[in-house]
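J.: Fold the following for me, if possible:
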Amino acid sequence: MDDQSPAMGLVHLLRAVTVEFDTLGAEFAARHGLHPTDVRALIQLLDAARAGTRATPGWLGARLRLNSAGTTALVDRLERLGLVRRSRDTADRRRVLLEVEEKAMDLGWTFFGSVIGEVVAAAEGFEEHELETVRRFLTAVLESTGRARSV
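T.: Numbering: from 1, shown residues only. All right, here's what the predicted structure looks like:
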């Protein structure tokens, strides 16, 4: 591949953005005594809530590629820190659901709020059709990384 092509330029830029977000996540984790996996778990649970997905420990473990014991330890730790709560599914009392506590959302907004605000402000500087192009590109990238993970 031509390392100077416009497409490779996007790959390098996307990698740089990913590294910056990863660094921010690591700083957030360190500041609050969390493991990076804890942060990824909270993000997965917040995304699930936004999508209307009923998150269970099994669902979370699969998303994070953790075994049952690792998932239990993770959820126990997040619950002990007051960041996540377990509740019984009203439709199936045998099933446990996971929800992010307000405390976790407050911590996240306190740390990431300014970055989110700047990203939103940057996006507002684009026309709707430009945002749709970016959305299509990022969706395709996300799908390609998902396929690479399943190999």
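J.: Can you pull out the low-pLDDT segments for this protein?
T.: Residues of the chain meeting the criterion pLDDT under 70: 1, 151.
J.: Can you show me the helices along it?
T.: In order along the chain, the chain carries the following helices (DSSP state H): 6-31, 36-51, 57-64, 68-80, 102-123, 128-149.
J.: Domain map for this protein?
T.: Under automatic domain parsing, the residue ranges defining each domain of the chain are 1-31, 36-100, 102-151.
J.: tell me the centre residue of the chain?
T.: In the chain, the C-alpha nearest the mean C-alpha coordinate belongs to Ile43, at 3.3 Å (Cα atoms, centre = their mean).
J.: re earlier: please identify the most buried of the domains of the chain.
T.: For the domains of the chain, average neighbour numbers computed from mean count of other Cβ atoms under 10 Å are highest in domain 36-100, which has a mean of 15. Every residue, glycine included, has its C-beta placed from N, CA and C.
J.: Just the endpoints, please. Distance across it?
T.: By Cα to Cα, to the nearest Å, the extent of domain 36-100 from end to end equals 16 Å.
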